[in-house]
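[1] predicted coordinates and the sequence they were generated for:
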Amino acid sequence: MKTFATLMALMLASPAAAAPLCDNLGFAGLLASCNRGEDIHLTLASGQPLGEDVALQSGAYYTLVIEADGSAELAVEGSSFFRAIWMNEIVINQIEVRPMAVDSIEFDKAGVVELSFIAIKPGTHVLKIPGSTGASQEVKISIQ
């Protein structure tokens, strides 16, 4: 019993790993402007790297910007990542969509999609171009 009490005291005394980026979230809660991390940019282009690996803070708000150049019909998939976040909205051609779940996003032509979300589930998740095998055709997103 003494070990349990010690463990609980240590857990309560140490900072939470999933703390938001700011202390005073105010009325907006986790969507507060002070809780926003840097935008994540991915580029869908035939034969080009998808993007750089990123590390996110659990509890923080981010925007994932995916831009396709139209050089090929390409998609991004990553069910593990999409299940590890809470999606606020997806914006396509200035149309806001508030989905419950997403498995992939496909571009038939050039365009831009913005997905705003709160990182929730810690771990390393992969976004990749389906059917591709090259390391540059995937991005690892670590939620800490």
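    In hand now; what should we look at? Residues are numbered from 1 along each chain as shown.

[2] in stretch 86-104, what's buried?
    87, 88, 90, 91, 102 (16 or more other CB atoms under 10 Å). The way it works is simple: take the backbone N, C-alpha and C, and place the C-beta from them, glycine included.

[3] mind listing the helices for the chain?
    Taking DSSP state H, the helices of the chain run over residues 2-13, 79-83.

[4] which stretch in those helices has the least confidence?
    Within those, confidence is poorest for helix 2-13, with a mean of 45 (mean pLDDT).

[5] quickly list what the residue nearest the centre of the chain is bridged to.
    Central residue check for the chain by CA atoms, centre = their mean: the C-alpha nearest the mean position is that of residue 119, 5.8 Å away. When bridges are called by DSSP bridges, residue 119 pairs up with residue 85.

[6] same check on the one 4 residues further on?
    Residue 123 has these beta-bridge partners by DSSP bridges: residue 143.

[7] isn't it right next to residue 81, touching?
    No. Residue 123 lies out of contact with residue 81 (CB atoms under 8 Å); the separation is 9.3 Å.

[8] stretch 52-67: how far from the chain's middle?
    4 Å (CA atoms, centre = their mean, to the nearest Å).

[9] could you do stretch 49-68 as well?
    Using CA atoms, centre = their mean, the offset of stretch 49-68 from its chain centre is 5 Å.

[10] can you check stretch 102-113 too?
    16 Å.
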